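Q: Return atomic coordinates for the entry below.
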Amino acid sequence: FVTGVAIGWSRGLGYWVHPVLRFLGPIPSTALLPMAFFFFPSSFSAAIFLIALATWFPVTVLTWSGVARVDKAYYDVARTLGAGRALVFLTVTLPLALPGIIAGIVLGFAKALGEFGATITFVSNIPGETQTISAAIYSYTQTPSGDAAALRLTIVATILALAALVVSEWFARRVRAHAA
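A: Modelled structure (predicted):
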């Protein structure tokens, strides 16, 4: 989120960060396993890094898009009315960029639910400790009588995703109503 706001707000920073985004974005997190093993002392912290990196890309790109899409005339009007930089950000940029920010957060959430390859690789699949919903669904489908439990978890994951979608739509409609 912070990276997306920063590069959406500053063209100079965007000039330098954009190539890094283009380079790191398409790389699957499991391809970065050797680097994570080298830089992180525990497998748990390495798994958190890889999942965070996988979710960082969509959140950053969509936040950047939302912030960059704000018409510069709004900034001029706010500054003419005496608003400082922080007030312009809080009252102009953030509300108008909110649909992009929420879309990034929802996509990042969905990516985090699906990103169990790094978790299984690093911290195994310990029920109650390091098991994600997607890893639990996978584990239940591999056991002979686990189909019902896998179905229940799939329903829970679907409800979570739909709830996130409903909340994001509610925020987007609220922003549109305030902008109109």
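Q: Tell me the secondary structure at the residue nearest the centre of the chain.
A: Computing the C-alpha centroid of the chain and ranking residues by Cα atoms, centre = their mean puts Gly108 first, at 2.7 Å. Secondary structure, DSSP: H, G, I helix; E, B strand; the rest coil: Gly108 is helix.
Q: So it is in contact with Val61, correct?
A: No - look at Gly108 against Val61 with Cβ atoms under 8 Å: they stay out of range, at 10.1 Å. C-beta here means a position set from N, CA and C on the backbone, and glycine is covered the same way.
Q: show me the contacts for the residue nearest to Gly146 when sequence neighbours are not counted.
A: Excluding the flanking residues, the one nearest Gly146 by Cβ to Cβ, 6 or more residues apart in numbering is Tyr140, at 3.4 Å. Tyr140 makes contacts with 146-147, 149-150, 153, as judged by Cβ atoms under 8 Å, 6 or more residues apart in numbering.
Q: Tyr140 sits in which helix or strand?
A: helix 133-142 (DSSP states H and E).
Q: Beyond that helix, next helix or strand please.
A: helix 147-179.
Q: what angle do that following helix and helix 133-142 make?
A: 150 degrees (axes from the mean of the first three to the mean of the last three Cα atoms, to 10 degrees).
Q: pLDDT averaged over helix 147-179 - what is it?
A: Averaging pLDDT along helix 147-179 yields 84.
Q: What of stretch 102-116?
A: Across stretch 102-116, the average pLDDT comes to 79.
Q: cool, stretch 6-18 as well?
A: 82.
Q: got it, and stretch 35-44?
A: 78.
Q: Going by neighbour count, list what's buried in it.
A: 36, 40, 43 (16 or more other Cβ atoms under 10 Å).
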